[in-house]
Structure formats: structure tokens, C-alpha cells
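In: Pasting the sequence and the predicted model now:
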Amino acid sequence: MDTVAKRLYEALFLVDSAQATSDWDGTVKAIETMLERAQADVLSIRKWDERKLAYDINKKNRGTYFLAYFKAPTAKIVGLERDVQLSEVVTRFLILRGDHLTAEDMQKETPAMIQERTGQAPVEIAVAQEVARNEE
Amino acid sequence: MKPVKKQQKRRPATIVREQTQCRFCREKVKYVDYKDLEVLSKLLTNRGKIFSRKRSGNCASCQRKVSLAIKRARYMGLLPFCI
């Protein structure tokens, strides 16, 4: 029996915020199902951030990002991309190869986690730091 | 015959070296992450355009990595194409 070599991939999915909040489990499940269909071993899937988009996408100005790390056969990625494209849940996505990623990178704190911990968005923290630096 | 003056030792002038390496090479960054908006936004004008190499001080290879990362972030709606 031949084993198919699997590569590590990183994917970011953009989902409409209203839909994500109304049906959180359903949204995560839909993403997981698509990954499973591509014979992917999901290492992690979590919320990356919920933010205002830099420009309107599908007439929406807010979006929730899901960051997923998974191992999948290279040949299945094209099918996965097509599957996500046809999905009504995901507005936009980006799948990249993650050969350079370490376990540390994958467990890196996301903006959503920082906001949960500090109660302030990372952007707000950066602005506050910048202001403090200018005052000095 | 003129008296020989004792030569005073010259103090070395303080050398101000220009930065010889770009900000990413100095920190030995091998991959510029498109999700790292704090870093990327420093390399954009306030109208969302990418700074030139001359302005950002990046080396050619890092500038390529940065521009790719910015373009990925723009596609995902994290950074604007133009303001």
C-alpha cells in the first residue's frame, strides 16, 4: 500500500461576521468538512480575528477570519480550493504552503486572543504605544 | 634646527556607520508574514502605497518578500489597495 505524502498548509478563511456569530459551530463545521473532504489532517482551526475590512467585500464591511493549519496531499489542494470557492459560507480564502512554519509559529497568539486577554485590539495597543513614544 | 614637536595622538573621530543591512536581515527574518499587519503597515504610505526600497531601506530580496506579503494582505481585506 502506498502512502500519500502530506504537506503542511496554512489557510485563512474570511467569513461574514453576522453569519459567524449567528451560527458559530455551523461555520467551523463547514470549514472542517471541506478540509476533511480533501483528506486533510487538521492540526488546528481557530478564530484569528473579527475586524472591519479594509474595503467592502460582497457588500460587507466586517468579517471574521479563521486560521487553519492542516496537512494534506498536494494533489488535493486544487480540489479543496474549488470546494471553498463554491461554498457559500466562506467569502474569501488563502491557502499557502507552511513548510517554513514551526510549532511555535502555529501556536502564536492571534489578535483575537490578545484582545480577549487585554480587552484592547492590537491596533489600539500599537497606537497607544506610538502616542506614548511621541510624548516622550 | 627646529625643535621636534612631540606628536599628539589623534583621537579617532566617532564613526557613524550607515545601516548596512535592512530591518529584516538584521533580525534574520526569513519569512514575512502577511498577517503581521504591525510590520507591514510601517512599510506603507498613508494612502496605502508600498514604500520604495530607497525609502524603506529594504534589500532587494526582503522588498520582494514584503511586497508579496502586502499583496496577500490586500487580497484578504486586511490592508487597503488604495485610500
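Out: Yes, it's here. Residues are numbered from 1 along each chain as shown, chains lettered A, B, ... in the order given.
In: So what's the residue count around B:Arg72?
Out: Neighbours of B:Arg72 under the rule other CB atoms under 10 Å in any protein chain shown: 19. The C-beta positions use only the backbone N, C-alpha and C, and glycine is treated the same way.
In: Report how many residues lie close to B:Ile15.
Out: B:Ile15: 5 neighbours (other CB under 10 Å).
In: no no, A:Leu67
Out: By the criterion of other CB under 10 Å, A:Leu67 has 19 neighbours.
In: Could you do A:Lys76 as well?
Out: A:Lys76: 17 neighbours (other CB under 10 Å).
In: what stretches of chain A score poorly on pLDDT?
Out: Scanning chain A for pLDDT under 70 picks out A:1-2, A:121-136.
In: how about the helices in it?
Out: With DSSP state H as the criterion, chain A has helices at A:17-22, A:24-37, A:77-86, A:103-106, A:111-118, A:122-135.
In: which outside residues touch the shortest one?
Out: I take that to be helix A:103-106. Residues outside helix A:103-106 that contact it (CB atoms under 8 Å, 6 or more residues apart in numbering or on different chains) are A:Leu43, A:Ser44, A:Tyr69.
In: Report the central residue of chain B.
Out: When CA atoms, centre = their mean is applied to chain B, the residue found nearest the centroid is B:Gly57 (3.5 Å).
In: so that one makes contact with B:Arg23?
Out: Yes: because the distance of 6.7 Å satisfies CB atoms under 8 Å, B:Gly57 is recorded as touching B:Arg23.
In: re earlier: tabulate the helices of chain A (a markdown table), appending distance to B:Lys35.
Out: Putting those into a markdown table (distance: least, CB to CB, whole Å) gives the following:
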| stretch | distance to B:Lys35 |
| --- | --- |
| helix A:17-22 | 18 |
| helix A:24-37 | 17 |
| helix A:77-86 | 18 |
| helix A:103-106 | 11 |
| helix A:111-118 | 8 |
| helix A:122-135 | 11 |
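In: Using CSV, lay out those helices together with mean neighbour count.
Out: Putting the helices of chain A into CSV (neighbours: other CB atoms under 10 Å in any protein chain shown) gives the following:
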stretch, mean neighbour count
helix A:17-22, 15
helix A:24-37, 16
helix A:77-86, 15
helix A:103-106, 10
helix A:111-118, 15
helix A:122-135, 11
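In: for chain B, what are the nearby residues on chain A?
Out: Residues of chain A lying close to chain B (CB under 8 Å from any CB of the partner chain) are A:12, A:14, A:48, A:53-55, A:57, A:63, A:65, A:67, A:92, A:94, A:96, A:100, A:122-123, A:126.
In: May I see the ChimeraX selection of the buried members of those residues?
Out: Selection of buried members from the residues of chain A next to chain B for ChimeraX, criterion 16 or more other CB atoms under 10 Å in any protein chain shown:
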select /A:12,14,48,53,54,57,63,65,67,92,94,122
